[in-house]
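Colleague: structure here, sequence nowhere to be found:
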């Protein structure tokens, strides 16, 4: 028996790995985060037990996993995006280890990747940015030392900010001293879902543009020059003069 933490992707039911889909269709027990995972991801399942965990707390979820373990039934524990990023699987894994219940993590497509695809952008460009920082805006719980948005902004890397759309004015204020008023920024709502929407602007005008929308949650903020880079150098990968193992 194994508990499979499966990344269902950002919303589009086709953005799931072949392995994740196979496990969803074969596991006799499915526990899924119904508030973030579309039911279409579960199409084709043959589970005996299907539970939406949106209203359950940790102890209730662990008890369901323990019961499945006693029955010897594999569990598809379905999370949105990639479960290793803001998936709240760490506390579940800690409990499973204490109970001696085997588990495996199946990666998924991240919201950041879906947003980059929607914007037709590469988040790492030669001479522009070679680092992507995935973070969140600290509200309900404090950020660890050294991880405030202002401190991360000092790197001027491409930023992917989760859980921050309601605090956009504060985010803009913290970023402006490091990125400048003309730095591109995008706010993407429910990327890859049928009702996806987005706004692209600069730190100088993004608040005004977002004000015309109703982005309240499940929105990601991308910041960085890569969103509107202008001229940039070509990578060495396809440079005719660059020799490597496969091209001499």
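Modeller: Ah, there it is. Worth saying up front: this structure is predicted, and the values here are computed from it rather than measured. Residues are numbered from 1 along each chain as shown.
Colleague: mind giving me the domain split of this protein?
Modeller: 3-106, 111-227 (automatic domain parsing).
Colleague: now the helices for the protein?
Modeller: 18-26, 58-71, 90-99, 111-118, 149-153, 168-179, 206-210 (DSSP state H).
Colleague: now for the fourth one, which elements pack on it?
Modeller: Yep, that's helix 111-118 we're talking about. strand 158-162, strand 184-189, strand 219-223 (3 or more CB pairs under 8 Å, 6 or more residues apart in numbering; DSSP states H and E). C-beta coordinates here come from the backbone N, C-alpha and C atoms, glycine included.
Colleague: do the last one as well
Modeller: Applying 3+ CB pairs under 8 Å, 6+ apart, one finds that helix 206-210 makes contact with helix 168-179, strand 184-189, strand 197-202.
Colleague: re earlier: point out the most buried one among the helices of the chain.
Modeller: Ranked by mean neighbour count, the helices of the chain are led by helix 111-118 with a mean of 22 (mean count of other CB atoms under 10 Å).
Colleague: what angle sits between that one and strand 158-162?
Modeller: 120 degrees (axes from the mean of the first three to the mean of the last three CA atoms, to 10 degrees).
Colleague: okay, the angle between helix 111-118 and strand 197-202?
Modeller: Going by the same axes, to 10 degrees, helix 111-118 makes 80 degrees with strand 197-202.
Colleague: so what touches helix 111-118?
Modeller: Defining contact as CB atoms under 8 Å, 6 or more residues apart in numbering, one finds that helix 111-118 is touched by 9-12, 15, 80-81, 122-123, 132, 134, 160, 162, 186, 188, 191-192, 196, 198, 220, 222.
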